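> sequence and predicted structure below; questions after.
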Amino acid sequence: MSAGLRCPVCRAEWTDAPQCRRCRADLALLNAVESERRRLLARAGERLREGRPAAALTLAEQAAALRPTVEGSQLAAVAQLLKRNFAAAWHSYQQAQGAASR
């Protein structure tokens with residue numbers, strides 16, 4: 001389940017289903033966007049493990065453009081640290097903390 005996501009029609013909590021459990025709205029587009037965001041974050045993690053922080057940061061930023069999350073901000077912070085961009089790493093860390101408190 002994707003925390004915090006809701007059906008855009010009736011606002012019911014989304015459970016990764018292709019249809020809303022309450023109003024039966026088609027959520028195929030929401031599913032596709034969320035799948036792409038997860039794929040981008042997984043690839044960002046792979047790039048970090050490969051020692052390629054610039055590529056990881058690009059992927060984390062693409063994922064954040066789809067939907068900002070704690071995980072994405074954390075990946076961005078690590079990538080920035082590895083790039084030795086400490087101010088940007090701090091900013092990403094603060095974003096992660098803010099997203100976690102919502």
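The structure has been received and is ready for your questions.
> point out where the protein drops to low pLDDT.
1-3, 99-102 (pLDDT under 70).
> run the last query once more with 80
Along the chain, segments meeting pLDDT under 80 span 1-4, 98-102.
> what residue in it is the furthest from its centre?
Cys23 (26.0 Å; C-alpha atoms, centre = their mean).
> I'd guess that residue is in a strand, am I close?
No. Read with DSSP: H, G, I helix; E, B strand; the rest coil, Cys23 is coil and lies in no strand.
> kindly check the end-to-end length of stretch 42-58 for me.
12 Å (C-alpha to C-alpha, to the nearest Å).
> any buried residues in that stretch, and which?
Buried residues in stretch 42-58, counting neighbours by 16 or more other C-beta atoms under 10 Å, are found at 43-45, 47-48, 52-53, 55-58. In short, each C-beta sits where N, CA and C put it, glycine included.
> pull the contacting residues for the residue farthest from the centre of the chain.
Neighbour list for Cys23: 7, 9-10, 12 [criterion: C-beta atoms under 8 Å, 6 or more residues apart in numbering].
> setting aside sequence neighbours, what's the nearest residue to Leu5?
In space, and not counting its chain neighbours, Leu5 is closest to Trp14: 4.2 Å by C-beta to C-beta, 6 or more residues apart in numbering.
> outside of the helix or strand in which Ala42 is found, which residues touch it?
Using DSSP states H and E, Ala42 falls within helix 28-49. The list of residues contacting helix 28-49 from outside it, by C-beta under 8 Å, 6+ apart, reads 2, 5, 8, 14, 16, 18, 53, 55-57, 59-60, 62-63, 66-67, 69, 71-72, 75, 78-79, 82.
> what do you get for stretch 57-76?
5, 33-34, 36-37, 40-41, 43-45, 47-48, 56, 79-80, 83, 92-93, 95-96, 99-100.
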